[in-house]
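Participant: can you look at this prediction? I've put the sequence above it.
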Amino acid sequence: MSDDSRADHLAWAKARALEYVDAGNVLQAMASLTSDLTKHDETHKLVTRHLFAETTRIAIGGDMEAARAFIDGLA
């Protein structure tokens, strides 16, 4: 994946995370998103303490709509 553009990698990471949301697994969605973002030179910067705290909060709460909104809102 590291040869992909930032936009391509972000789209891939978001799509994978949303597959978990659609399956009702918010915890895995947030874990997948965080992990995938660290795998690209230009998206790993999105994984900050704030993002980690927010994904953890959403995952623990199990709120699928909050997860979807958060994932869709990444740019």
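Facilitator: Yes, it's here.
Participant: so who does the residue sitting nearest the centre point of the chain touch?
Facilitator: Centroid-nearest residue in the chain, with CA atoms, centre = their mean: Leu33, separated by 2.6 Å. Listed by CB atoms under 8 Å, 6 or more residues apart in numbering, the contact set of Leu33 reads 13-14, 16-17, 55, 71. Quick note: C-beta positions are derived from backbone N, CA and C, even for glycine.
Participant: same thing with Leu51?
Facilitator: By CB under 8 Å, 6+ apart, the neighbours of Leu51 are 34, 37.
Participant: tell me which element it is part of?
Facilitator: helix 49-61 (DSSP states H and E).
Participant: phi and psi next, for Gly62.
Facilitator: Gly62 adopts backbone torsions of phi 70, psi 20, taken as degrees, to the nearest 10.
Participant: for it, which non-adjacent residue is closest in space?
Facilitator: Here the nearest residue to Gly62 in space, its sequence neighbours aside, is Val26; by CB to CB, 6 or more residues apart in numbering that works out to 5.0 Å.
Participant: against Ser35, how distant is that neighbour?
Facilitator: Val26 sits 15 Å away from Ser35, taking CB to CB, to the nearest Å as the criterion.
Participant: cool, Lys14 as well?
Facilitator: 13 Å.
Participant: which one of these two is surrounded by more residues?
Facilitator: Lys14 (21 against 13; other CB atoms under 10 Å).
Participant: my guess is the more buried one contacts Phe70. True?
Facilitator: No. Taking contacts as CB atoms under 8 Å, Lys14 lies outside contact range of Phe70: 10.0 Å.
Participant: list the contacts for Glu54?
Facilitator: Phe70.
Participant: and with 10 Å instead?
Facilitator: 30, 48, 66, 70 (CB atoms under 10 Å, 6 or more residues apart in numbering).
Participant: format these as CSV; extra columns: pLDDT, neighbour count and secondary structure.
Facilitator: As requested, those are exported to CSV (pLDDT from 0 to 100; neighbours: other CB atoms under 10 Å; DSSP: H, G, I helix; E, B strand; the rest coil):
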residue, pLDDT, neighbour count, secondary structure
Met30, 93, 25, helix
Thr48, 80, 10, coil
Ala66, 94, 16, helix
Phe70, 93, 21, helix
